[in-house]
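**Q** Take this sequence and fold it.
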Amino acid sequence: MSLLTIFHIYFNYNYDVLSFRWIHSSFTRHLQFAFRMLVAFLIGGFITYASELQNHLTLKFMIPNMSILCIQETFGLTLSTNIRITLIIVPLSIFFFILQKIGLGYHNYIVENRINYCLYQFQQMHTTIIQAFLSRDEINSKLFLSRSMILEQMIREIMMLIQTRLNEARYEPSQFLQRLFNRQRKQIFDLSIQEQEDLMNTLLLHICSLQLMVKQCKFNEYHQHFINELESSLKNLSSAQTQFISNLLPSSINHDEFQNHLLNLQTSFDSLRSAYIKARLHRIEQVFQSSTTIRSRDHLSHAFFLFQLGTIVRLLTKAVNKTKITKQRKKRKSLKEYFKPEWSRFLSAVKSMIIIGVGSVFVMVPRLASVFENGIWIMVALCMSQGDTVGGAFTTMKMRLIGTLLGAMWAYITYLSANNYTYGTLGMLAPWIFLCGYLKLFPQWGYIVTVAASTPIVVNLGRLPFGDKLPGGNYALLRIQQNLVGISIAMILTLILFPVFAMDLLKENIQATLKLCKENIESIHCVYDKVFQHEHSDKMSTDFSNRTDVEAFFNIQRSRFHQLINNQRTLVDNASIEPSFHWLNKGFSKTRYRIFIQQQTDLYRMLNNINTAVMRISECSNMEDLRLHAANGLFLPDLHNELVDLNRQLNDCLNLWSSYFSLTQTKCFQLIRGSFHHRNHLIKTDLFKYEQCLIQLKRIVVQLQHQHQEATDQVLKHYLTRFVNGEITTNFVPYATNDQADSVFIAISSMYYSTTQLAQAALDLGTTIYNLFEIETIHSYQHF
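**A** Numbering: from 1, shown residues only. You can find the predicted model right below:
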């Protein structure tokens with residue numbers, strides 16, 4: 001193993017997946033972090049206890065303790081943690097010094113490794129979905145789909161952490177590191193971290209759209225026909241894309257070889273599209289001979305499938321041939337907006353002040369300090385158990401208590417083994433620190449093992465100056481006792497002092513998500529009208545003067561949506577552990593809210609697909625000529641009226657649904673936010689409005705399906721007339737010899753399919769909200 005390879009392993013660098021797959025494993029990454037954490041602890045311990053520094057320090061145990069607390073998974077997060085701790089400790093130290101005087105008492109590549117891991121899993125998911133599509137029966141297809149859903153869950157868990165990593169990366173010298181390590185691959189994959197995150201989010205939307213189509217696919221004679229025609233082309237595309245993505249990851253491939261892989265990917269998709277054209281022409285001829293028709297649902301779903309494959313290829317190609325996208329200018333805040341007082345922040349500050357004040361009582365009041373052995377850990381537990389919400393604080397309390405119990409157990413074992421021997425104590429703590437370092441990277445164990453790692457350091461190293469005067473067993477029990485007292489007091493104070501419940505923040509987040517979907521619907525309608533040269537009556541807050549403005553707007557919206565959805569998942573978990581009273585959290589269903597989050601994702605996925613299709617259509621130079629003259633004006637249907645109706649209906653539904661979540665927030669939250677609602681109970685008109693919305697959405701779904709079936713029948717009738725007159729299909733089918741016409745036809749078909757699925761997704765979403773509305777407002781349901 002070369003020195004460069006060892007250097008790359010230490011810094012968790014990237015490798016070719018095929019050659020060094022073990023480097024990418026979660027086990028190796030956890031071992032790397034555990035080793036770094038152990039080294040930090042040992043260095044801090046030996047500097048403190050094996051040097052002259054020990055004669056000049058009072059709280060010596062805090063140096064190794066702070067070493068393990070500050071070491072983090074990435075270089076950026078480590079810098080961020082150190083900067084924040086410094087900004088907190090330095091002012092507090094100065095403040096307490098004044099009080100005393102007056103007599104009052106690793107770097108960026110882990111981010112890229114996550115991106116590379118997602119790319120690798122994306123391709124695995126892509127290949128599995130194609131295998132499901134090519135299956136000869138529905139049962140076999142479901143087996144492949146189950147694998148793809150597992151891969152999807154793995155990707156989502158990783159991507160939930162990427163936004164955090166982006167915030168950390170601003171502390172890193174990323175440009176210097178890129179120049180130092182990535183010189184050979186700069187021309188191959190040169191995206192910023194934000195652009196990489198947007199690429200991952202977009203790829204996930206389109207690959208999940210492929211998965212949705214296969215789930216709903218009917219394995220009938222139409223589908224079998226296309227499997228026979230497209231099987232070899234689909235397998236070639238999957239193979240070419242796998243090779244292409246494997247070379248996106250850092251490797252020794254040169255630029256010319258990579259361009260050959262890129263050309264192979266584009267050629268494979270062109271071959272697939274040509275095979276798809278031939279398959280459709282053959283199908284049309286079979287319809288003429290058998291006097292049958294083509295079901296619009298079958299045609300639209302398969303065109304949608306091909307459009308998603310093409311979009312994925314375009315995204316990957318665009319990633320390596322990056323063009324500068326102009327970012328929207330952010331609206332600057334005025335001084336009045338910067339210094340505008342926020343009532344909620346003021347109350348939160350008052351709450352923190354009171355909690356810390358209560359904790360300080362156990363330290364400053366002599367009698368309480370004597371009973372609780374100075375009570376310092378009661379105050380620490382009160383300070384460290386605060387959270388943004390009641391559920392978040394309760395989650396922190398639970399994890400802190402578990403971590404304290406685990407750490408105290410090992411502290412007692414360490415005391416029995418090493419007693420007061422310093423180096424023996426360090427030796428006993430080393431394997432515990434290594435184990436905690438390994439477990440810390442698991443999200444569900446992160447805070448628990450941080451407390452568990454810190455506790456034996458405080459217990460064992462903190463008691464060394466006192467020797468046998470304070471036995472380790474007593475010190476461990478004292479730490480547990482004080483943490484338990486502090487957490488119990490914190491629970492009471494969290495509930496009675498301006499409580500902010502996770503349920504209320506969840507509903508506020510849902511309102512923001514529904515508003516974002518509404519903005520996307522209006523924006524798509526505006527862009528569509530510009531493409532098809534319709535007058536748009538409503539004025540948009542965002543001016544789409546050119547294509548780059550549209551792309552920048554939807555990129556920002558996409559990133560914002562994923563942030564909101566990730567926050568919702570966290571808030572649902574926090575809300576599920578909040579106490580239930582007759583006035584709070586009544587009827588909360590964690591299962592239904594998880595379904596609701598998935599349905600929001602399905603809704604936005606279809607909005608993204610419609611926008612992508614509209615942008616693809618806008619690239620056509622002679623689109624208006626195709627729409628008016630091809631196939632006697634029947635080739636491309638105009639969806640303007642349908643979009644107007646759908647836009648109006650969805651806006652009404654989204655406004656009504658948003659009002660429900662605003663209506664059912666607690667009075668306490670309304671007081672903190674300064675917004676009051678005149679009622680919080682269900683009346684008959686609410687159910688009637690909901691029923692009408694759902695009925696209208698169902699009508700739209702059925703109407704869109706009937707309209708496209710009629711349009712398909714009319715086009716086939718026109719083709720049949722030309723065929724009977726002796727013409728061959730390539731002469732009267734517009735997309736047979738015109739690549740641009742084929743691209744527009746597939747895009748418009750995908751858009752039609754996405755519009756139908758959008759209405760269906762809205763119907764499913766509305767049904768779930770209707771159920772939540774009944775469960776949370778009708779008292780007779782709350783016992784079940």
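
**Q** pLDDT-wise, which helix or strand of the chain ranks last?
**A** Sorting the helices and strands of the chain by mean pLDDT, DSSP states H and E puts helix 3-10 at the bottom, at a mean of 48.

**Q** List the residues that contact the residue most central in space within the chain.
**A** Geometric centre of the chain, nearest residue: Met160, 4.2 Å, by Cα atoms, centre = their mean. When contacts are counted by Cβ atoms under 8 Å, 6 or more residues apart in numbering, Met160 touches 566, 569. The C-beta positions use only the backbone N, C-alpha and C, and glycine is treated the same way.

**Q** Just the helices from the stretch 651-784 of the chain, written as ranges.
**A** In the stretch 651-784 of the chain, the segments counted as helices under DSSP state H, counting those that start in this stretch are 667-673, 684-724, 729-732, 739-777.

**Q** Which one, of these, ends up nearest to Phe144?
**A** helix 739-777 (21.2 Å; Cβ to Cβ).

**Q** buried stuff in that closest one?
**A** 741-766, 768-770, 772-777 (16 or more other Cβ atoms under 10 Å).

**Q** Then stretch 434-446?
**A** 434-441, 445.

**Q** quick one: which of those residues is nearest Leu199?
**A** Nearest member of these to Leu199, counting by Cβ to Cβ, is Leu441, at 24.2 Å.

**Q** any idea how far Ile207 is from the closest residue to the closest one other than its chain neighbours?
**A** What sits nearest to Leu441 in space, not counting adjacent residues and going by Cβ to Cβ, 6 or more residues apart in numbering, is His30, at 5.2 Å. His30 sits 27 Å away from Ile207, going by Cβ to Cβ, to the nearest Å.

**Q** do Ala552 as well
**A** 23 Å.

**Q** And Asn567, by the same measure?
**A** 23 Å.

**Q** Comparing those two, which shows the higher neighbour count?
**A** Ile207 (24 against 17; other Cβ atoms under 10 Å).

**Q** Beyond the host helix or strand of Thr548, next helix or strand please.
**A** Using DSSP states H and E, Thr548 falls within helix 547-575. Next helix or strand after helix 547-575 toward the C-terminus (DSSP H and E): helix 590-618.

**Q** From the contact counts, what lies against that next one?
**A** helix 193-216, helix 296-320, helix 502-531, helix 547-575, helix 739-777 (3 or more Cβ pairs under 8 Å, 6 or more residues apart in numbering; DSSP states H and E).

**Q** Can you give me the buried ones in it?
**A** By neighbour count on 16+ other Cβ under 10 Å, the buried set for helix 590-618 is 592-593, 595-597, 599-618.

**Q** same check, this time on stretch 489-503
**A** For stretch 489-503, the neighbour count (16+ other Cβ under 10 Å) marks 489-491, 493-495, 498-503 as buried.

**Q** Now for these: which two are most distant?
**A** Taking Cβ to Cβ, no two of the buried residues of stretch 489-503 sit farther apart than Ile489 and Met503, at 23.5 Å.

**Q** If we ignore the residues flanking it in sequence, what's nearest Phe554?
**A** Distances taken as Cβ to Cβ, 6+ apart place Asn611 nearest to Phe554, at 5.7 Å, with adjacent residues excluded.

**Q** confidence score at that neighbour?
**A** On pLDDT, Asn611 comes in at 88.

**Q** Equivalent analysis for Ser360, please.
**A** 81.

**Q** Count residues in the vicinity of it, would you?
**A** By other Cβ under 10 Å, the residues close to Ser360 number 16.

**Q** measure it to Glu373 for me?
**A** Taking Cβ to Cβ, one finds Ser360 at 16 Å from Glu373.

**Q** what's the burial count for Leu716?
**A** Residues contacting Leu716 under the criterion other Cβ under 10 Å number 18.

**Q** likewise Leu382?
**A** Neighbourhood size, Leu382 [other Cβ under 10 Å]: 25.

**Q** Please apply the same query to Ala393.
**A** Quick note: Ala393 (other Cβ under 10 Å) scores 24 neighbours.

**Q** Just give me the neighbour total for Arg136.
**A** Counted with other Cβ under 10 Å, Arg136 comes out at 11.

**Q** Can you classify it as helix, strand or coil?
**A** Assigned with DSSP: H, G, I helix; E, B strand; the rest coil, Arg136 falls in the coil class.

**Q** Look up which helix or strand the residue nearest to Leu441 falls in, please.
**A** helix 26-49.

**Q** For that helix, buried residues please.
**A** 29-30, 32-34, 36-38, 40-42, 44-45, 48-49.

**Q** and the very next helix or strand once past it, C-alpha only, in CSV?
**A** Once the chain leaves helix 26-49, the next helix or strand it forms, by DSSP H and E, is helix 62-70. Output of helix 62-70 as CSV, limited to C-alpha atoms (Å, rounded to 0.1, in the frame of the first residue of the first chain):
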residue,chain,number,x,y,z
MET,A,62,-11.8,19.0,30.9
ILE,A,63,-9.0,18.9,28.4
PRO,A,64,-9.5,15.3,27.2
ASN,A,65,-13.2,15.8,27.7
MET,A,66,-13.3,18.8,25.4
SER,A,67,-11.1,16.9,22.9
ILE,A,68,-13.7,14.2,22.3
LEU,A,69,-16.5,16.7,22.3
CYS,A,70,-14.9,18.9,19.7
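
**Q** now helix 62-70 and helix 26-49, what's the angle there?
**A** Note on geometry: by axes from the mean of the first three to the mean of the last three Cα atoms, to 10 degrees, helix 62-70 and helix 26-49 are set 160 degrees apart in direction.

**Q** I'd like the distance from helix 62-70 to the chain centre, please.
**A** 31 Å (Cα atoms, centre = their mean, to the nearest Å).

**Q** And for that helix, what's in contact with it?
**A** If you take Cβ under 8 Å, 6+ apart as the criterion, helix 62-70 is touched by 37, 40-41, 43-45, 47-48, 57, 78, 81-82, 85, 433, 436-437, 450, 453-454, 457-458, 461.

**Q** Do me a favour and average the pLDDT over that helix.
**A** On average, helix 62-70 scores 77.

**Q** List the buried residues in it.
**A** Neighbour counts over helix 62-70 (16+ other Cβ under 10 Å) mark 62-70 as buried.

**Q** Serialize those residues to a markdown table and add fields for distance to Leu199.
**A** Shown next, in a markdown table, are the buried residues of helix 62-70 (distance: Cβ to Cβ, whole Å):
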| residue | distance to Leu199 |
| --- | --- |
| Met62 | 43 |
| Ile63 | 42 |
| Pro64 | 41 |
| Asn65 | 40 |
| Met66 | 38 |
| Ser67 | 37 |
| Ile68 | 35 |
| Leu69 | 34 |
| Cys70 | 32 |
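
**Q** Out of the buried residues of stretch 489-503, the closest to Asn236 would be?
**A** Asn236 lies nearest to Ala502 out of those, by Cβ to Cβ, at 49.4 Å.

**Q** Would you check that the closest one makes contact with Phe394?
**A** No - judged on Cβ atoms under 8 Å, Ala502 makes no contact with Phe394 at a distance of 9.1 Å.

**Q** what touches both of these two?
**A** With Cβ under 8 Å, 6+ apart, Ala502 and Phe394 have common neighbours 574, 578.
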